[in-house]
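In: coords below, sequence missing:
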C-alpha cells in the first residue's frame, strides 16, 4: 500500500504514461476513426466526408462470416495455447532453477521470430517435398509423403506457436509464486496429484488463466500473414482483408472501418470474458 | 524546371549582384540563366529497385550522350501512391517527375482527370514502331501515354512433375491437377478473368457487361479445387514451384526463364490462347515545363535498338513490333512470344474496381 505522500509524488509521473498513450495510441486511433467515415473515391483515393457507407458495406453476411472466422480462429488458438501452456509452465516451475532459466531464455528467443519466419518455417515443415511426412514414410507409417498445408490444422499450429511463448511468460510468474503448501495440503487430504491440479491449482490460478486467454486471443487476432501462408482462402481473417483493402485496393476508408469494427468487437468480447470470469463474491 | 524555381534563381542572381557589387554581373546573368535552364535535368520516374537500377545503368547515360539532355532518375513507389503524389503536386503546379512509368490502371485514372500532358505525335516519329495497344490516346486522339516496358504472365510448370509441357490454359481446369496450382490472389494483378474469358468465352469482350463478368467468374470458380495457393508474394510461389510442392500455376515468363537457366526444374509455356501481356507506360505530368524534352525521351525509347537492348539487359518484352528488332529467336523467346497476347481489361479495374474486388473476394473465399 502506498502512503498518501507517495501518491502525491507519483502524480506528476503519471503524466508520462498518459502522454505516451495519447501520442502513440489515442491520436493514431482517432485518425483511423475519422478516416473510416471518409468518402472513398473509386479510381482515385478518398476525400474528407462524414458518411456511413464504409460501415454499411461491412455489415453483410460475407464480412460477418469473415469476422466469425477471425474470432473463432483466435479463440481456438487461445484455448489450445493455454491448455498446452498451463501444464507446461506448471512442470517448468517444479524444475531446478537452472533448467527453468534455460527454458525461459529459449522461449524468449522464440519471441524474436517474426510472423513471416514462423509462417514459412511451418509451411516447409508441413510440406510434401520437405516436411515431416517424409520422416513418417521413412519410419514406415506412411506409404508416400503428404502435404499438411494449407489447412485449418496448419494454421492453428502456426497461431498456437505464435501465442505459446506469451502464454508461458504470463502464466510463469503467477505459478512460480504459488504457495507450494496448497497442492501439498490437497494431497495430504487424500486428493490425487491430478485431482489436486484440477481442483486446487486451476481454481486458484483462474484470473491468470483468463488474462492469458485474452492476451493470446487479442495477439493472434492481428495475424495477417499466417492465414495467407498456412490457411486456405476460407481461413483468411479480417486482418488479411484489411491489408488487401488498404494496400492493394487503396481503399483506406473501408479498411479503417473494418479495423474499427474488429477493435470494438474484440474489446466487447474481452469485456464480457472478464465480467463472466469474476467469481460471484468479487462481482460489484 | 518550373517557372517558380526559375524566378527564385533569378532573384538570387540579383541578390548576388547587389551585395557583391560586381559591375558586369547584370550582363553576365542573362546568358547564365538560359544556359542553366537548358542543362536542367529531365526528371524521369521509374519503379524504385530493379527497374530504376537498370535504367540508371543501361539507358540514361547513353540517352544523355545521344541527346545532351541530363537525367535525374526518380524512384517512384508501386501502386497508386505515385499517382496521388503526381496529382497533388500538379495542383500546386509542381512535377516531382516530368515523365513517369505508370501501370495501366493508374495511367487510366490519371487520364480521367486529364493529369497527363497531351503529346505530339509529330515530335515522336518512332511511336509508329509501337502497336496501337501500347499507344494511349485521349478522346480527341492526342497521345496521353506510350508503352515503356512490358512483360508476360504465362502458364508455368515443374518439369519433373510434368514431363510434357502443357499447351492450354484449360490445364488449370483439368481435374487431374487437383490441389496443385498456384495462382495470383488479386483480381487486379492475376488477370484470371481475362484468361477465363479468352479460354472459354472466345475473348475478353465477354466481360463487357456485369452479367458477362459474373458468367466468367462462375467458370473461374471451377478451378478452386485445383488451387493449392492463392499467392500475393511472388517468392512464396516461385519456391514452391521449384521444389515441385506446387507444380503448376501462373507466373512471370522472364523470371521463370531465369530460374530455368539456373538449372531449376521449371518451364514457362505460352498457351495457345496466349500469355497475358501486362505493361508500364510513359506518361508526362501536365505540370511539367519540359514536355518537349519528354517527347525526345519517349521517342528515344521507342527505337528498335533501345527496345532490343532492354530485352537483353533488363529482361522486359519489347513494346515495338518484332520485325524491326534484331533479337535472335532465343533472345526473343526469353522475353516474349509470337502468339497473340491476352490484353488485360484495365478499363474494368478502373471503372468497376470495388465491385470486381468484392465479387472476386466472394468467389475465392466463399
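Out: That came through fine. Quick caveat, the model's predicted, so the values are computed rather than measured.
In: which ones are touching residue A:162?
Out: With contacts defined as Cβ atoms under 8 Å, 6 or more residues apart in numbering or on different chains, residue A:162 is in contact with A:77, A:115, A:118, A:219, A:220, A:223, A:226. (C-beta placed from N, C-alpha, C; glycine too.)
In: with pLDDT, distance to chain B and secondary structure added, can I get these in a markdown table?
Out: As requested, those are exported to a markdown table (pLDDT from 0 to 100; distance: Cβ to the nearest Cβ, whole Å; DSSP: H, G, I helix; E, B strand; the rest coil):
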| residue | pLDDT | distance to chain B | secondary structure |
| --- | --- | --- | --- |
| A:77 | 97 | 20 | helix |
| A:115 | 89 | 13 | helix |
| A:118 | 93 | 14 | helix |
| A:219 | 91 | 23 | helix |
| A:220 | 93 | 19 | helix |
| A:223 | 91 | 15 | coil |
| A:226 | 95 | 13 | helix |
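In: neighbour-wise, which one of those leads?
Out: residue A:226 (29 neighbours; other Cβ atoms under 10 Å in any protein chain shown).
In: where's the closest residue to that residue other than its chain neighbours, which helix or strand?
Out: Of all residues not flanking residue A:226 in the chain, residue A:158 sits nearest, at 4.4 Å (Cβ to Cβ, 6 or more residues apart in numbering or on different chains). For residue A:158, the host element (DSSP states H and E) is helix A:152-176.
In: continuing past that helix, what's the next helix or strand?
Out: Next element after helix A:152-176 (DSSP H and E): helix A:181-188.
In: pLDDT on the helix holding residue A:158, on average?
Out: The average pLDDT within helix A:152-176 is 94.
In: go on, stretch B:106-118?
Out: The predicted model assigns stretch B:106-118 a mean pLDDT of 91.
In: how far does it stretch from start to finish?
Out: Counting by Cα to Cα, to the nearest Å, you get 17 Å between the two ends of stretch B:106-118.
In: what about the chain, any weak spots by pLDDT?
Out: No chain specified, so I'll use chain A. Low-confidence segments of chain A, defined by pLDDT under 70: A:1-10, A:43-44, A:279-284.
In: hmm, no, I was thinking of chain B.
Out: B:1-38.
In: can you list the domains in it?
Out: Domain segmentation of chain B under automatic domain parsing yields B:3-150+B:280-328, B:151-277+B:339-365.
In: and the residue nearest to the spatial centre of chain B, how far is that from chain A?
Out: For chain B, the residue nearest the mean C-alpha position is residue B:280 (1.6 Å; Cα atoms, centre = their mean). Look at residue B:280 and chain A: by Cβ to the nearest Cβ, to the nearest Å, they are 17 Å apart.
In: other SSEs contacting the stretch of helix or strand that residue belongs to?
Out: Residue B:280 is part of strand B:276-284 when elements are defined by DSSP H and E. Strand B:276-284 is packed against strand B:99-103, helix B:104-112, strand B:143-158, helix B:291-301, with contacts defined by 3 or more Cβ pairs under 8 Å, 6 or more residues apart in numbering or on different chains; DSSP states H and E.
In: mind running it again at 10 Å?
Out: When contacts are defined as 3 or more Cβ pairs under 10 Å, 6 or more residues apart in numbering or on different chains; DSSP states H and E, strand B:276-284 packs onto strand B:42-47, strand B:99-103, helix B:104-112, strand B:135-137, strand B:143-158, helix B:192-200, strand B:248-252, helix B:291-301.
In: reformat those as CSV; add mean neighbour count and distance to residue A:111.
Out: CSV is the format used below for the helices and strands packed on strand B:276-284 (neighbours: other Cβ atoms under 10 Å in any protein chain shown; distance: least, Cβ to Cβ, whole Å):
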stretch, mean neighbour count, distance to residue A:111
strand B:42-47, 24, 35
strand B:99-103, 27, 39
helix B:104-112, 22, 40
strand B:135-137, 19, 51
strand B:143-158, 24, 36
helix B:192-200, 24, 39
strand B:248-252, 23, 35
helix B:291-301, 21, 50
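In: tabulate the ones you listed (a markdown table), appending distance to chain A.
Out: Listed next are the helices and strands packed on strand B:276-284 as a markdown table, based on distance: least, Cβ to the nearest Cβ, whole Å:
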| stretch | distance to chain A |
| --- | --- |
| strand B:42-47 | 16 |
| strand B:99-103 | 12 |
| helix B:104-112 | 5 |
| strand B:135-137 | 16 |
| strand B:143-158 | 10 |
| helix B:192-200 | 14 |
| strand B:248-252 | 14 |
| helix B:291-301 | 24 |
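In: many thanks, I have nothing further to ask.
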